Every structure is written in structure tokens, then in C-alpha cells.
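# heads up, no residue letters with this:
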């Protein structure tokens, strides 16, 4: 197994691209040719809260990544709300209404138990517990399925060591551009932070174990310029409390909504409906978390250059 130890996702992406360029093997796949590393790869994040990717080459959409994370933490599986932030997500639904393998729904509803709440309860009672496995993969509906949306990440382990909450995510198939160092690091680090807050603990390491660690050849070639980008210090972080109740009326009163989600939501509305970059940037500048603020403003500035006069 190859082990990549990094501070955050901004360090991980260029390391991963270089690893595939140097040692990846070309293979065919259901969705096109990929470069796949011949061994499993474990990415170890020392500072998982530093989850926002700033690479202009990769051009990750911070609005979508943040809002999808909230959608997951709420246990949702509906298409409409998520597609508002990324219309292409409709392509992964079989009926246009729900997603078969929605992570959050698997976490909280699919198995007829709220696994997140149960894990928090167990670790609160016994911090030495080694049975806190969050199940995502369901063989009864996934193994012999032709559905469009089959979970790539299959299960998550939580454990407490030295008063830190550590998390390990196992992934059967990990596209490093769109998945591992794009959406996954945001989704799962926010899950880890939420659980840690409920346990009144700090976050420990986040380990992402990727069985098939790969990138699509055409996408990798467009992204390889990441290797030439100059690293910049990660913005300072502030502590923001997650809600304890995810019902909408309670969520709107939370620090997470007031300080990040609400201004981010308004910024996206100005961009999506009016292509009003100036107003969208003004709203993004009201975000009270420097990493999300910086990512949203920079993303909008890049889009502004592509909007015809």
C-alpha cells in the first residue's frame, strides 16, 4: 500500500497527480480509460479541517461542495435541492427524483437507523469503543445493481485516541480529481467535525483508503498543470458550531448557517439567476470563514472572466 501523508487537500492533489503520472497503469473502465495506481493508496490528512481546495486549474466549485455536505449531514437523497447547485447531478439519478446511493441517506435513514447518532451515543458512553462503523454499502441493493448511483465510499470507522476523534474512510473506487481530492475530502471531513463537536473533542487524523486510486486520462491531462501551481498558506480558521438538530427551522438558527451557509446561498443565487458577479462577490465576502470566503470569491472571479460583456 502507498501512503501519502499530507497536511491538507491542497498538498494532496499535486502529490496524487504526480503519483499517477509516474506509476499509474492505463486501464479501461466503464466510463473511459483511466490511469490507476497498482496498489491501494491511503491518504492521511493531519489537518482535515483544511478541506477547501483553492487550485485554479482544478477549479472546484466550493458552493456545490459545501451545500452537498449539508445535504448529506441532513440525511437527504432528493435530487432537486442538490441539482440547484450542480445541474449535472440529475444525470446520476434513475428517476430524476432521488439518488440510489446518497451518502447522507445511507448514514441516517437507509438502514432504518440513524447511524451517526448511534455512533455519537456509543462513543459518548465508551470512548474506547472499536465498533463504530458507519455503513454505506448495502450488498442487497448495490452488489447486483445497474443503478447509476452506486456508492464509491463503502464504510467509515471512528475511534477516539488521546482525546482526538480519528476517522478512516474506505473507498472501492476513487477518482482523485473529482472524488478523493475534490468532493470526498469536504464531505467526510465535515462529517468528522460534526461528530467531534457532538463528543466535545478535537479532530484527529482523517485517513482515506482508496482501493482503486485512479483518474480518467483525459481529465488528468487537463489537470496536470496543478503541478506547476505555487502553494499558498491555508487561511486562518475560526471555530463554528454545527447544529445539533438538522430540522430546517433549527438549522437556520445555527452558527454554521448564519456564518457560512446563508451568505454562501445568497452569493450563489446572485450568480445562478442573474449572473451578477459583483453582487455575488459582495455576498460571498460576508461569509465568516476565511477559507470558504476566499474559495467562493476566487471561483466567481474566474467565472466573471468567462461571462460575455
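Cool, the structure landed. A quick note: this is a predicted structure, and the numbers were derived from the prediction, not measured. Numbering: from 1, shown residues only.
# would you mark the buried spots in the lowest-mean-pLDDT helix or strand in the chain?
Least confident helix or strand of the chain, by mean pLDDT, DSSP states H and E, is helix 248-251 with a mean of 87. Across helix 248-251, burial judged by 16 or more other C-beta atoms under 10 Å covers residue 251. All C-beta atoms are positioned from the backbone trio N, CA, C, and that covers glycine.
# show me the protein divided up by domain.
Using automatic domain parsing, the domain parsing of the chain gives 2-234, 235-309.
# mean pLDDT lowest for which of the ones you listed?
Among the domains of the chain, domain 235-309 carries the lowest mean pLDDT, a mean of 94.
# which strands and helices sit next to the strand ranked longest in the chain?
Ranked by residue count and defined by DSSP state E, the top strand of the chain is strand 202-216. The elements that strand 202-216 packs onto, with contact taken as 3 or more C-beta pairs under 8 Å, 6 or more residues apart in numbering; DSSP states H and E, are helix 9-23, strand 34-36, strand 41-45, strand 164-175, helix 185-198.
# out of those, the one nearest residue 138 is which?
The closest of the helices and strands packed on strand 202-216 to residue 138 is strand 164-175. By C-beta to C-beta, the value is 13.1 Å.
# tell me the angle of that closest one relative to helix 185-198?
Per axes from the mean of the first three to the mean of the last three C-alpha atoms, to 10 degrees, the angle that strand 164-175 makes with helix 185-198 is 160 degrees.
# can you tell me which residues contact the residue lying closest to residue 6 once chain neighbours are set aside?
In space, and not counting its chain neighbours, residue 6 is closest to residue 12: 4.6 Å by C-beta to C-beta, 6 or more residues apart in numbering. By C-beta atoms under 8 Å, 6 or more residues apart in numbering, the contact list for residue 12 reads 4, 6, 43, 45, 180-181, 185.
# report the distance from stretch 233-253 to the chain centre.
Distance, stretch centre to chain centre, for stretch 233-253: 16 Å (C-alpha atoms, centre = their mean, to the nearest Å).
# and stretch 218-236, by the same measure?
Computed by C-alpha atoms, centre = their mean, the chain-centroid distance of stretch 218-236 equals 18 Å.
# what's the answer for stretch 159-173, then?
15 Å.
# list the buried residues in that stretch.
Buried positions in stretch 159-173, judged by neighbour count with 16+ other C-beta under 10 Å: 159-160, 165-173.
# ok, back up a step: of the contacts of residue 12, which is the most crowded?
The most crowded member of the contacts of residue 12 is residue 181, carrying 30 neighbours; neighbours defined as other C-beta atoms under 10 Å.
# and the closest residue to it other than its chain neighbours, what is it in contact with?
Closest residue to residue 181 apart from its sequence neighbours, by C-beta to C-beta, 6+ apart: residue 13 at 4.3 Å. Neighbouring residues of residue 13 by C-beta under 8 Å, 6+ apart: 53, 55, 58, 176, 181, 226.
# again, but for residue 292
Taking C-beta under 8 Å, 6+ apart, we find residue 292 in contact with 52, 62, 66, 260, 264.
# with neighbour count, secondary structure and distance to residue 142 as added columns, please give these in TSV.
Supplementary listing: the contacts of residue 292 in TSV, determined by neighbours: other C-beta atoms under 10 Å; DSSP: H, G, I helix; E, B strand; the rest coil; distance: C-beta to C-beta, whole Å:
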residue	neighbour count	secondary structure	distance to residue 142
52	25	coil	30
62	26	helix	30
66	27	helix	27
260	22	helix	33
264	26	helix	32
